[in-house]
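S.K.: A structural model of the following input is requested.
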Amino acid sequence: MNNGPDDERINKLHADLCKMLAHPTRLKILKELKEDKKTVKEIVDAVGTSQPTASQHLGELKKQGLVQAERDGNSMLYSITYPRILDACKIIREVLFEQLNENQELLNRGENDG
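M.R.: Numbers count the residues shown, from 1 in each chain. This is a model prediction of the structure:
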């Protein structure tokens with residue numbers, strides 16, 4: 001396995017991408033953009049956050065290259081740049097549920113042993 005400078009750079013980029021996905025509001029925004037392009041107002045209404053907060057997170061997602069914006073008249077429409085990022089989120093969520101299930105099984109066994 002290569003542990004050279006390129007590998008370190010990729011690991012850093014990987015970590016930065018994961019940090020971007022480490023906020024519940026950004027995850028909600030990505031999920032909301034799964035089906036179609038949306039305006040900030042549509043995102044605000046769907047996610048249940050304020051316009052400044054949504055705009056801030058959209059800016060971060062855009063800076064990371066995960067969303068893109070295009071002008072549509074007076075509005076900006078946001079969409080996911082790489083839809084496969086949702087596959088990564090889905091896998092992480094599946095692992096989370098596996099962990100929760102295993103923890104619950106351990107708790108149940110502990111209760112039955114007591």
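S.K.: which parts of the host helix or strand of L107 are buried?
M.R.: Under the criterion of DSSP states H and E, L107 resides in helix 85-113. Neighbour-count burial for helix 85-113, with 16 or more other C-beta atoms under 10 Å as criterion, is recorded at I85. For the C-beta atoms, the positions are set from N, CA and C on the backbone; glycine is no exception.
S.K.: now the strands: where do they sit in the protein?
M.R.: 67-72, 75-80 (DSSP state E).
S.K.: other SSEs contacting the first one?
M.R.: Looking back up the chat, that one is strand 67-72. Here strand 67-72 touches helix 51-63, strand 75-80, going by 3 or more C-beta pairs under 8 Å, 6 or more residues apart in numbering; DSSP states H and E.
S.K.: please parse the chain into its domains.
M.R.: Split into domains by automatic domain parsing, the chain comes to 1-82, 84-114.
S.K.: output those as JSON lines; include the columns mean pLDDT.
M.R.: Shown next, in JSON lines, are the domains of the chain (pLDDT from 0 to 100):
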{"stretch": "domain 1-82", "mean pLDDT": "93"}
{"stretch": "domain 84-114", "mean pLDDT": "89"}
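S.K.: winner for burial among the strands of the chain?
M.R.: strand 75-80 (a mean of 17; mean count of other C-beta atoms under 10 Å).
S.K.: from L21, how far off is L30?
M.R.: Applying C-beta to C-beta, to the nearest Å, the value for L30 to L21 is 8 Å.
S.K.: what is in contact with those two at once?
M.R.: Any residue near both L30 and L21 by C-beta atoms under 8 Å, 6 or more residues apart in numbering counts here, and that gives 85, 89.
S.K.: which one of these two has more residues nearby?
M.R.: L30 (20 against 16; other C-beta atoms under 10 Å).
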